[in-house]
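Chemist: pasting the structure only:
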């Protein structure tokens, strides 16, 4: 663009150029609206010759003497290559557009009206042809019934012409709606409702038979979209309607076999047809799993897919048969990528899967867990946070009353939670940090305030299972993949501190069961991570209580299983069953602890104090039955110390050389020659057989099994009744002026009053999530 002269600058300062430019834009817009007819019109040849022959009078005139219109016709904004003829043509176009602008609008509107009339006439002609064909068929049926029957048998397509035509019209209408449909979930709801509205209210409901379903199935085997859309429409009408909906069903089922065929074939073939038409290309390595939304034909199939997914959600609430529900869950596993394409529907499916995972039969629980795992893998971030939070909280809510028959289910759910948390290490670290911190807050309140309510938040099954979850998650993830040490290893220290705090909160003999469970968690951490945690004092200090040194009273009764209770009643502390149970636990835990340290080069120094402690206990203990059970443990400790001392006699390196120490221990571990290790393997096999017999005997007893929900209701009623009794007592004491002894903050009295059955308070009520997490109940 050439530089503007001084005359041009003066002109621009004097004349209103902005208004002139706006007027020129309006004129050009009017000229562009004329369409193809205006562009095809050619100017007369004579006019062109005169136009080209005449010289432009604007060239000789100076810019100062020009008017605004003349200056605009000059075309100063054009490039330097623009010729004078081009400038004159532009001026002529402006003049013609000013004169003929209104006439062009009318011409365009008239042409559009003619096109619409032609379309309407074609549609009416088609309807008239269909009606004439229908009348001819009815006359044929009345006049020549034999010939009509012959046509029914040999040429069904001729008689079903009307139905096929109406179906084709419906399909074309639906295709148009799908192509022009909106992309957002909220606007798409209007589109889905419009496609599902009945076209004629006076039409009677069609009878759905197995033959009709089989015809659609044949089409879907050939991957026909039309057959799939019909199948989805019928599936929604029969299975997907809500119970509260006022609209009547368009189809009536001929029999129960028709319903089974419809559900089975729809769930079996529709996902295959969708996968055939919505092929997703393989993603790059640095990107997540692709969704069907990236496929080419997604816009056309978006609305029917959404109808199908919503219908399946309604189907889960209607199915009562366990086998049918498991089949639906297995087929729903293939549709997880399509559910991930609709975030709201995906969350509704996740809530239903949580309900089935926590309350249905064993086979349904496994199938629902597989769906949850697939959702967590396929769905884009941040759905993984919603999934982790929902799975953890659902598991903790079901841990309130772990009866003997419910305990295997809780074990399965615990393993499922660990599996889900092993998918994404970044989200796992954030959730583990938040929940371990919340457990530490509960423990701190119980240690500082020492009130009954705060102690109940720690000494209950929900708190114990929460510690088990994070112990299994950290130890399980570090055991599977050692590369994740840098991410989850910092969580070992706070978790160990919380567990040790629970052990030391009330160190009385009544709470030995929860003490032993915490020690087991710490032993799992030692086994998987290799971190040294001193537990000998926590294990062997239980032998120094007064109940273990006294001679018990001879009482007949069942043996105590300390793994199934939290607190031991005062009456049972004096019984021989309590002494036998504690002795068995001390032997098992002490044996496991020494086995994990059996190949350590510092084993003699680690177990020196333990050997002295056991010898002193044997001298003081008056019950020979206890000493006879613990004496093999002392013998193996002494044998293993001699084995390590003889093995390290030829060692040349110093204890500061950690790499050589680790190599020496690994070489010794490969030989598996430790006396403690060999003894533990034999004992473990015998103990496993013993526990199998005990669990089989427990499963035969059916009277002790009851529903979790009933237990929750009973606990709430009991808690409410106790509150009423306390209020009455407080009123009477206020009238009499007496002081209630229960208001004292003595930790021993508060601890003795806590009972495992008084568990009406839910530990999850005080839980609060951090800002990074998404609430699964928002929608």
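Modeler: Received, thanks. What you see is a predicted model, and the numbers here were worked out from it, not measured in a lab.
Chemist: How about the contacts made by the nearest residue to residue 524 once chain neighbours are set aside?
Modeler: Nearest residue to residue 524 in three dimensions, chain neighbours excluded: residue 475, at 5.1 Å (CB to CB, 6 or more residues apart in numbering). Any C-beta I mention is one placed from the backbone N, CA and C, and that applies to glycine too. If a contact means CB atoms under 8 Å, 6 or more residues apart in numbering, then residue 475 has 524-525, 527-529 as its contacts.
Chemist: Please apply the same query to residue 551.
Modeler: Residues in contact with residue 551, defined by CB under 8 Å, 6+ apart, are 622-623.
Chemist: So it, which state does it fall into?
Modeler: On the three-state scheme (DSSP: H, G, I helix; E, B strand; the rest coil), residue 551 is labelled coil.
Chemist: in what helix or strand does residue 631 lie?
Modeler: Element membership for residue 631 (DSSP states H and E) is helix 624-647.
Chemist: That helix packs against which elements?
Modeler: The contact analysis (3 or more CB pairs under 8 Å, 6 or more residues apart in numbering; DSSP states H and E) places helix 624-647 against helix 576-596, helix 603-606, helix 608-620, helix 675-700.
Chemist: Residues contacting the second one, please?
Modeler: In this structure, residues lying in contact with helix 603-606 by CB under 8 Å, 6+ apart are 536, 597, 600, 640-641, 644-645.
Chemist: buried stuff in it?
Modeler: Going by neighbour count (16 or more other CB atoms under 10 Å), the buried part of helix 603-606 is 603-604, 606.
Chemist: quick one: average confidence on the helix holding residue 631?
Modeler: What helix 624-647 shows for mean pLDDT is 93.
Chemist: could you check the angle helix 675-700 makes with the helix or strand following that helix?
Modeler: Once the chain leaves helix 624-647, the next helix or strand it forms, by DSSP H and E, is helix 658-671. Relative orientation of helix 658-671 and helix 675-700, computed by axes from the mean of the first three to the mean of the last three CA atoms, to 10 degrees: 60 degrees.
Chemist: average pLDDT for helix 658-671?
Modeler: For helix 658-671, the mean per-residue pLDDT is 90.
Chemist: cool, and stretch 470-482?
Modeler: Stretch 470-482 shows a mean pLDDT of 81.
Chemist: tell me which residues in that stretch are buried?
Modeler: Applying 16+ other CB under 10 Å to stretch 470-482 flags 470-478 as buried.
Chemist: which SS state does residue 357 fall under?
Modeler: helix.
Chemist: Mind checking what secondary structure residue 207 has?
Modeler: State at residue 207, reduced to three classes by three-state DSSP: strand.
Chemist: Am I right that it is in contact with residue 251?
Modeler: Yes: with contacts counted by CB atoms under 8 Å, residue 207 reaches residue 251, the gap being 7.5 Å.
Chemist: higher neighbour count, these two?
Modeler: Set side by side, residue 207 and residue 251 show more neighbours around residue 251, with 17 against 11, by other CB atoms under 10 Å.
Chemist: which residues pair with the closest residue to the more buried one other than its chain neighbours across the strands?
Modeler: With CB to CB, 6+ apart as the criterion, residue 251 has its nearest non-adjacent residue at 4.4 Å, and that residue is residue 208. Residue 208 forms beta bridges with residue 253, as assigned by DSSP bridges.
Chemist: just checking, residue 208 touches residue 250?
Modeler: No: at 9.3 Å, residue 208 and residue 250 do not qualify as touching, with contact defined as CB under 8 Å.
Chemist: More neighbours: which of the two?
Modeler: Taking neighbours as other CB under 10 Å, residue 208 and residue 250 compare with residue 208 leading, 22 against 18.
Chemist: separation between the more buried one and residue 225?
Modeler: Residue 208 is 21 Å from residue 225, where distance means CB to CB, to the nearest Å.
Chemist: Kindly report the same for residue 292.
Modeler: Going from residue 292 to residue 225 by CB to CB gives 14 Å.
Chemist: ok, now residue 554?
Modeler: The spacing between residue 554 and residue 225, counted by CB to CB, is 81 Å.
Chemist: cool, residue 581 as well?
Modeler: Relative to residue 225, and taking CB to CB, residue 581 is found at 68 Å.
Chemist: before we move on, what about residue 570?
Modeler: From residue 570 across to residue 225, the span is 74 Å (CB to CB).
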